[in-house]
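K.L.:
Predicted coordinates and the sequence they were generated for:
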Amino acid sequence: MAMKDRFRKEVRMSVLQRQCMMIVTMLSTLFLISIWPRFLADALSVNWAVYLVLIGVASVPLFMRTAALDN
């Protein structure tokens, strides 16, 4: 299978796989913060409002999917 075909192939994930992926991402970030001082300094140097905006942007697809399922 060529590399282009792999990128074009549809990816299907169950809800459990998606939740596990989010948990692993959060735990990996906490791990990096605890062992890498530069990562901690960079993470703390960003204004808290930027994180709120990023959370809002990332949650839009979740809200849209929930609204589509309700209709």
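P.N.:
Alright, I've got the coordinates. Numbers count the residues shown, from 1 in each chain.

K.L.:
Only C-alpha atoms from now on, for both contacts and neighbour counts.
P.N.:
Fine.

K.L.:
Give me the packing partners of the lengthiest helix in the chain, helices and strands only.
P.N.:
Assignment by DSSP state H gives helix 48-70 as the longest helix of the chain. If you count contacts as 3 or more Cα pairs under 8 Å, 6 or more residues apart in numbering; DSSP states H and E, helix 48-70 packs onto no helix or strand.

K.L.:
Start the count at 745 instead of 1 going forward.
P.N.:
OK, 745 is where the count begins now, so the last one is helix 792-814.

K.L.:
The spatially most central residue of the chain sits in which helix or strand?
P.N.:
Closest residue to the average C-alpha location of the chain: Met766 at 6.0 Å, with Cα atoms, centre = their mean. Per DSSP states H and E, Met766 falls inside helix 759-779.

K.L.:
Return the set of buried residues in that helix.
P.N.:
Across helix 759-779, burial judged by 16 or more other Cα atoms under 10 Å covers Ile777.

K.L.:
How about residues contacting the helix or strand following that helix?
P.N.:
As assigned by DSSP H and E, the chain's next helix or strand after helix 759-779 is helix 781-789. For helix 781-789, contacts defined as Cα atoms under 8 Å, 6 or more residues apart in numbering pick out Leu776, Ile777, Ser778.
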